[in-house]
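A.B. asks: Provided below are the primary sequence and the corresponding predicted coordinates.
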Number of protein chains: 2
Amino acid sequence: MAEGITPRSEDYSRWYTDVIKKTDLADYAPVKGCMVIKPYGFTLWENIKEGLDTRFKATGHVNAYFPLLIPLSFIQKESEHVAGFSPELAVVTHGGGKELEEPLVVRPTSETIIGHMYADWIQSYRDLPLLINQWANVVRWEMRTRPFLRTTEFLWQEGHTAHASAEEAREETLRMLDVYVDFAVNDAAIPVIAGQKSESDKFAGAVTSYTIEAMMGDYKALQSGTSHFLGQNFARAFDIQFLDENNELQYVWTTSWGVSTRMVGAVVMAHGDDQGLILPPKLAPYQVVIVPIWKDEEQRTPVFEAVERTRAALGEGIRVRVDDRDAYSPGWKFNEWEMRGVPLRVEIGPRDVEQGHVVLARRDLEGSARKQTVPLADGLGTAVRETLDAVQDNLYRRALAFREEHTRDPDDYEGFKEAVSQGFAYSWWCGDPECEAQIKAETTASLRCIPLEQEPGAGRCIQCGNAAEERAVFGRAY
Amino acid sequence: MAEGITPRSEDYSRWYTDVIKKTDLADYAPVKGCMVIKPYGFTLWENIKEGLDTRFKATGHVNAYFPLLIPLSFIQKESEHVAGFSPELAVVTHGGGKELEEPLVVRPTSETIIGHMYADWIQSYRDLPLLINQWANVVRWEMRTRPFLRTTEFLWQEGHTAHASAEEAREETLRMLDVYVDFAVNDAAIPVIAGQKSESDKFAGAVTSYTIEAMMGDYKALQSGTSHFLGQNFARAFDIQFLDENNELQYVWTTSWGVSTRMVGAVVMAHGDDQGLILPPKLAPYQVVIVPIWKDEEQRTPVFEAVERTRAALGEGIRVRVDDRDAYSPGWKFNEWEMRGVPLRVEIGPRDVEQGHVVLARRDLEGSARKQTVPLADGLGTAVRETLDAVQDNLYRRALAFREEHTRDPDDYEGFKEAVSQGFAYSWWCGDPECEAQIKAETTASLRCIPLEQEPGAGRCIQCGNAAEERAVFGRAY
């Protein structure tokens, strides 16, 4: 247990905010519901960005930038969209010392302004598909906020694509959902369930919304990324038309998809323990921290020489921090970097130098399994890389086992209530929004998604007992 | 001369906006004074960002993110700051459907909110220096706007550092100015004059402002980056104090420095010609475009094989686009990519394949000098890399020669007026803001900066004839 961090068993919610604050991921801002992302947290976000951006570019997308301020009338053009976002808008009414003729909205999302531009850019089938992503800040006036999970301003990427056919747009929607799954699993080491949102929970303006849902350390679900098939809703609202190959005017089919700084919260809660953060090596700001151990100047010289040799042996491509601060003891540094979740520590003391080795200590294991003695020689870089891979792999397998352990297929509604009180229930659902609402009212659990991968079959709705053709995942959620 | 682009000699200003629009760098947004940065322009910005960000990190800086919305009262805490920025503010008065108790300002720059946070983060000399940078969007309500050069919303980086001594903060201010010079010269191929801003032109709230000034193709100056020594002005306004080594409470010394999307405009105007853009290889979205030339299927197969071999020979690390579109002729593609400023074109036709070579065509040269025949063999990658280096180098030397040709050291005020009508004047100045204002009123030229590097000496002020101890650069400016 780390100083200043409430144990998870005592108060998970306080554990979360303690970890965020003590590990310097973020701080509260003087504006209601806003946060400051501190350098350690921002570096984590930069690594998330890079992992996603590389995948977007590999699937043919390019980045662009659209204005922050959107005329209020744009938001009002798509009826479901305005209904969904109106209560959350921040509105600029004055600019340059004058009241504006038309109020401007600080973007809560950019379908409308991007739709307006696409109407101008798209003329012919030759202009399609248009595959653009934007990294941006957005503002949604939230009542109850929590760092990274729900903040008035947050950072995200929003992909916006336009296609000549419904089929192609649907494929794109699912392709980007797959990209999110790939990122979550391979970079964030978080197992996710990819599925469709119910009608009552889809994006305001979408035909179909998809999500990736992850289980946090308190068994709650966190929606960690969404991908929407928007049909022709925005195309009609913004008159985005193209001449098809037969020279006929058609509306385009659009998609949008996003992942936000919420992913930082997912990493914290999927892997952290009572000591603090445990960061997956692929995303960790520092993958390795080297802690030299010395008492006096006589010891210092050979130890620091070994530190330099170690750093050289690691080579390029590993993010290393050498903690050579005089003012702190090795023990203090061990605790500090464990709390901050660095996946691997390299300890180098005088005796290690004498024996020609270093000690590797993994953050994700406990007891004797966590330490390993490795010769300070050419193979050190390989040993470290392999250990980082093992940490990455272990974090994923552990999170998956945790989710499986806390996901049940209850026989009846009583069992269902028990299941969602400490995990997910994977149950037949008749498709009726009434049942979904009833479940929410009675258990506080919501329908997280209808998983895309499920065995065909039929059963009885867990709530009403009527015939059901698909199963859904239910759980309490952030 | 490219279709749809006004020649520079006819109307430079229209040439600029034609180039921006025709080459797909940016588009006008439906919000007054805002622009959309299109994928081609945004990729250029991404490359600028990377060049700067790498340099910031190499000099010990880390990135963070502070809120977009700033309480109006914060802006009012530093008296010169509020006076400078008040006329330019966009103000959020409503959030979540209600009128806010205190209006929020969309950040025009972040000294105030960062100052507020630093007051909390900095307690002791051990917390210093604090070296943070932020990549962000900012909004300043501008009356007359131009894509990239002056827009209501723009993207930039703003560095904000805090130090224990004035000397250290001054060093930081100049270090970051050096970083900007290094970036401008080596990545953007733009020669810049590094110097101090006059009192009347410094940043609102600064003690001393420094700038890098570049000459554009119409002889006008473009301020391309600034670095400010803020003294203790913001430290006092936001109460940023620390306990020094003697346990005494002191105000910190702060700096701020920024480069914005304006740099894209600088690249356009420093290098472009009547054909369109000429992009420096270090920043170009595509460094090389490969244009296959074929008439029929029989020719197509061997030509496309050669294209693949060429791409393989170039290896990793060169940004290549293969323009294999069927719908356009090779000649059309040549024009298109010349207009869009790709530094090097590789032409591959059936005869080239027979003879086992490819043709390289440089964007920056004309006539017979621009084309070169190179064997399609292992050495091709090296030849291309060397040619890209030569383009980069030539662009810089050409821009430097142009600036030198259009910079004069006039003998008298008449000569001065002539000099600033088509270039820079490098003249003695007495230091009196009255003379500076007089020059502005009489010639429309402003004092761009007092160059840091100048031979010691003394002379007579070019305007009033009084004793002068330093020289300044004057010119018309954007």
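C.D. replies: Nice, thanks for sending it over.

A.B. asks: Which positions within stretch A:452-467 qualify as buried?
C.D. replies: Neighbour-count burial for stretch A:452-467 flags A:Cys461, A:Ile462, A:Gln463, A:Cys464 (criterion: 16 or more other C-beta atoms under 10 Å in any protein chain shown). For every residue, glycine as well, the C-beta is placed using N, CA and C.

A.B. asks: Where does A:Glu338 fall, secondary structure wise?
C.D. replies: With elements delineated by DSSP states H and E, A:Glu338 resides in helix A:330-339, which encompasses its position.

A.B. asks: That helix vs chain B: in contact?
C.D. replies: No. Using C-beta under 8 Å from any C-beta of the partner chain, helix A:330-339 stays clear of chain B, with a minimum separation of 14.0 Å.

A.B. asks: List just the nearest of the buried residues of stretch A:452-467 to chain B.
C.D. replies: Among the buried residues of stretch A:452-467, A:Gln463 lies closest to chain B (C-beta to the nearest C-beta), at 33.2 Å.

A.B. asks: in the stretch 101-250 of chain A, what residue is nearest chain B?
C.D. replies: A:Trp141 (3.4 Å).

A.B. asks: For that residue, give me its contacts.
C.D. replies: By C-beta atoms under 8 Å, 6 or more residues apart in numbering or on different chains, the contact set of A:Trp141 is A:Gly33, A:Pro87, A:Glu88, A:Leu89, A:Ala90, A:Thr152, B:Gly95, B:Gly96, B:Gly97.

A.B. asks: leaving aside the residues next to it on the chain, what's closest to it?
C.D. replies: In space, A:Trp141 comes closest to B:Gly96 once its chain neighbours are excluded; the distance is 3.4 Å by C-beta to C-beta, 6 or more residues apart in numbering or on different chains.

A.B. asks: Please verify my assumption that the one you found contacts A:Phe85.
C.D. replies: No. Counting by C-beta atoms under 8 Å, B:Gly96 stays clear of A:Phe85, with 11.1 Å between them.

A.B. asks: Comparing these two, which shows the higher neighbour count?
C.D. replies: A direct count of neighbours by other C-beta atoms under 10 Å in any protein chain shown for B:Gly96 and A:Phe85 places A:Phe85 higher, at 22 against 18.

A.B. asks: ok, that one touching A:Thr109?
C.D. replies: Yes. Under the criterion of C-beta under 8 Å, A:Phe85 is in contact with A:Thr109, at a separation of 7.2 Å.

A.B. asks: List the buried residues in the helix holding A:Glu338.
C.D. replies: Result for helix A:330-339 [16+ other C-beta under 10 Å]: buried residues A:Lys333, A:Phe334, A:Asn335, A:Glu336, A:Trp337, A:Glu338, A:Met339.

A.B. asks: Turn these into JSON lines, columns for distance to B:Val289 and pLDDT.
C.D. replies: Conversion of the buried residues of helix A:330-339 to JSON lines gives the following (distance: C-beta to C-beta, whole Å; pLDDT from 0 to 100):
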{"residue": "A:Lys333", "distance to B:Val289": "52", "pLDDT": "98"}
{"residue": "A:Phe334", "distance to B:Val289": "54", "pLDDT": "97"}
{"residue": "A:Asn335", "distance to B:Val289": "55", "pLDDT": "97"}
{"residue": "A:Glu336", "distance to B:Val289": "51", "pLDDT": "97"}
{"residue": "A:Trp337", "distance to B:Val289": "48", "pLDDT": "98"}
{"residue": "A:Glu338", "distance to B:Val289": "51", "pLDDT": "97"}
{"residue": "A:Met339", "distance to B:Val289": "51", "pLDDT": "98"}
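
A.B. asks: quick one: which of these is nearest B:Thr387?
C.D. replies: Compare each of the buried residues of helix A:330-339 with B:Thr387 using C-beta to C-beta and the shortest gap goes to A:Trp337, at 47.4 Å.

A.B. asks: circling back: okay, now the sheet partners of the next helix or strand after the helix holding A:Glu338, with direction.
C.D. replies: Taking DSSP H and E as the definition, the helix or strand that follows helix A:330-339 towards the C-terminus is strand A:344-348. In its sheet, strand A:344-348 lies beside strand A:288-292 (parallel), strand A:357-362 (antiparallel), with partners assigned from DSSP bridges.

A.B. asks: Now tell me what touches the following helix or strand past strand A:344-348 from outside.
C.D. replies: Proceeding N to C from strand A:344-348, the next assigned helix or strand is helix A:350-355, under DSSP H and E. Outside helix A:350-355, the residues that touch it by C-beta under 8 Å, 6+ apart are A:Ile293, A:Trp294, A:Lys295, A:Gln299, A:Pro302, A:Val303, A:Glu305, A:Ala306, A:Val358, A:Val359, A:Leu376.

A.B. asks: can we see that at 6 Å?
C.D. replies: A:Gln299, A:Pro302, A:Val303, A:Ala306, A:Val358 (C-beta atoms under 6 Å, 6 or more residues apart in numbering or on different chains).

A.B. asks: any idea how far the third one lies from A:Trp294?
C.D. replies: Using C-beta to C-beta, to the nearest Å, one obtains 5 Å as the distance from A:Val303 to A:Trp294.

A.B. asks: Look up the closest residue to A:Thr444, ignoring the ones flanking it.
C.D. replies: If you skip the residues right next to it in sequence, A:Thr444 has A:Arg476 as its closest partner in space, 5.7 Å away by C-beta to C-beta, 6+ apart.

A.B. asks: ok now do the one you found, which residues does it touch?
C.D. replies: Residues touching A:Arg476, when contacts are defined by C-beta under 6 Å, 6+ apart, comprise A:Lys220, A:Thr444, A:Ala445.

A.B. asks: How about the contacts made by the first one?
C.D. replies: Residues in contact with A:Lys220 (C-beta under 6 Å, 6+ apart) are A:Arg476, A:Ala477, A:Tyr478.

A.B. asks: and if you look at A:Gly97?
C.D. replies: Residues in contact with A:Gly97, defined by C-beta under 6 Å, 6+ apart, are B:Pro87.
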